[in-house]
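**Q** the sequence and its predicted three-dimensional model are supplied below.
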Amino acid sequence: TLALALGAQDGATIPTADWSSQPGYLVAWGSPGHVAVGSVPSGSDFVSIGAGQFFGLAIRSDGSLVHWGSNPYGVATVPDTSGGTFQQVTGGFQHALALRSDQACVGWGRSDPPHDQSAFQAGPFQSISAYEDFSVGLYLDGTGKAWGYQEGGLPYTPMAGHVPGGAPFQELIAAHGAILGLRLDGSLAIAGPGNLAAEPLPAGPFTAIDGGRRYAVALHTDGSLRAWGVAGATAMPEIETEVPSGTDFVAVSGGLDVAAALRVDGTVVGWGGAYDAATWSPPTEGGFRQVAAGANFFVALRPCGALPYGEGLGGAHVLTLTAPSSPSLGGTFTMEVTGASLGPVTFAIAGAPAALPLFGGTLLLDPGSLILSLPAAVSAGAATVSLPVPGTLPPGLEVRAQAFAPDPAVPGFVALSNGLHLALCP
């Protein structure tokens, strides 16, 4: 057992791990019996998500695509990676699009000549968007291209001539009968044959936009949300009147008659005419990094694994704490320390982080939330410990780990490793 004499925290900033590009697992929820909720693919290697109206889409860490849910016009048969890996995916009503690593747009599913909503487009695009039966691509230079046509209660209308003016844009979104653009200065532009295009646009500046059936949503630079739409539309007036309050939002997604937003702590908030929290069973935990809305369902990506944070230091030796594999429910989790010359090494796991001065270094665990500590012998400067992970724990559960070893240069002093932020994978 390692006894620790702690100094005051003195308002030190607690370091954090960067989860922004870490793969994770999928969680979906929506109306009872929804085809895209009960068939979510398993795995913890997903890096991006998208949604069609009644199906979900995701990209694995190897750049391949996954589909689940409804299968209109063979949309379940996703393209392979023979032409390149994928970096963004999105869906409409009966077609889907994926942005390849060479900035080309690959489509599949329904494709009615001459409009070809899922036809291959060479790009080069920085992003793509799909809604119902048309598609939009944002070129690298900030201009746009639309293909396909608008139906869904509107006259059959080709969308190729309805990209809004005022380029360059940082985002172009396909919505109901309209294309919504976000300019580099944060202002909005809209064009299209539908009556959404005639609605007044809110004042920005904004950082993100999306749209659904006769409505649109935007994320303001102050972290708050705006929503507007056509009076009498299915999603209205709830899309406008039930907009979540707060200034801590970081992402927003529009579905058919529902919308979702992501707070900075990774919690997801849903609202809209069809939304019913009582029967949809939304997740209550945080930690999600992406969310996508479809027709009466949401899917979110929750990173998991083990990432380093902070520097412990202290003593005369630098200890490096790593995890060869991700902590998974029902499995065995191993941690390894290198750089130790004397033993034993103590591995500690706590429920919360800290930044407390200790032996000239930093204790990165909150001692008041200590869960366990385990000693391990040193061999050739390294020590390892393996722990069983109970399958009864909830996926996404977060803990922190740090290791400690005696300092050979200063008797009674301790060297401290970096921290590990652990989030359990299913």
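**A** On my side now, so go ahead. Residues are numbered from 1 along each chain as shown.
**Q** low-confidence stretches in the stretch 101-250 of the chain?
**A** Confidence mapping of the stretch 101-250 of the chain against pLDDT under 70 gives the ranges 152-154.
**Q** repeat the analysis, applying 90 as the threshold.
**A** Where the stretch 101-250 of the chain drops to pLDDT under 90, the residues are 111-118, 150-158, 195, 231-238.
**Q** show me where it has its strands.
**A** 105-109, 125-131, 134-139, 144-150, 157-158, 169-175, 178-183, 188-191, 206-212, 215-220, 225-229, 249-254 (DSSP state E, counting those that start in this stretch).
**Q** could you dump those into CSV and include mean neighbour count and distance to Ala352?
**A** Just so you know, the C-beta spots here come from the backbone N, C-alpha and C atoms, and that holds for glycine as well. CSV is the format used below for the strands of the stretch 101-250 of the chain (neighbours: other Cβ atoms under 10 Å; distance: least, Cβ to Cβ, whole Å):
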stretch, mean neighbour count, distance to Ala352
strand 105-109, 23, 44
strand 125-131, 25, 37
strand 134-139, 26, 41
strand 144-150, 23, 46
strand 157-158, 16, 55
strand 169-175, 25, 37
strand 178-183, 25, 38
strand 188-191, 20, 41
strand 206-212, 25, 30
strand 215-220, 26, 29
strand 225-229, 22, 30
strand 249-254, 23, 22
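**Q** reformat these as TSV; add distance to Ala323.
**A** Rendered in TSV, the data for the strands of the stretch 101-250 of the chain read as follows (distance: least, Cβ to Cβ, whole Å):
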stretch	distance to Ala323
strand 105-109	36
strand 125-131	34
strand 134-139	38
strand 144-150	43
strand 157-158	53
strand 169-175	36
strand 178-183	39
strand 188-191	44
strand 206-212	33
strand 215-220	34
strand 225-229	37
strand 249-254	27
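**Q** any idea which of these gets closest to Gly330?
**A** Nearest to Gly330, of all the strands of the stretch 101-250 of the chain, is strand 249-254, at 31.3 Å by Cβ to Cβ.
**Q** tell me what that closest one is packed against?
**A** In terms of contacts (3 or more Cβ pairs under 8 Å, 6 or more residues apart in numbering; DSSP states H and E), strand 249-254 is packed against strand 206-212, strand 215-220, strand 258-263, strand 290-293.
**Q** report all helices and strands that the first one contacts.
**A** Using 3+ Cβ pairs under 8 Å, 6+ apart as the contact test, the elements touching strand 206-212 are strand 169-175, strand 178-183, strand 215-220, strand 249-254, strand 258-263.
**Q** so which elements touch the helix or strand following the last one?
**A** Where DSSP states H and E defines the elements, the next helix or strand beyond strand 258-263 is strand 268-272. Helices and strands touching strand 268-272, as assessed by 3+ Cβ pairs under 8 Å, 6+ apart, comprise helix 238-241, strand 258-263, strand 297-303.
**Q** now with 6 Å, please.
**A** Based on contacts counted as 3 or more Cβ pairs under 6 Å, 6 or more residues apart in numbering; DSSP states H and E, the elements that strand 268-272 packs against are strand 258-263.
**Q** centre of the chain versus the strand it packs on, how much separation?
**A** Going by Cα atoms, centre = their mean, to the nearest Å, the spacing between the C-alpha centre of strand 258-263 and its chain's C-alpha centre is 12 Å.
**Q** so can I have TSV of the helices and strands packed on strand 206-212 showing distance to Pro327?
**A** Formatted as TSV, those follow (distance: least, Cβ to Cβ, whole Å):
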stretch	distance to Pro327
strand 169-175	36
strand 178-183	39
strand 215-220	33
strand 249-254	26
strand 258-263	24
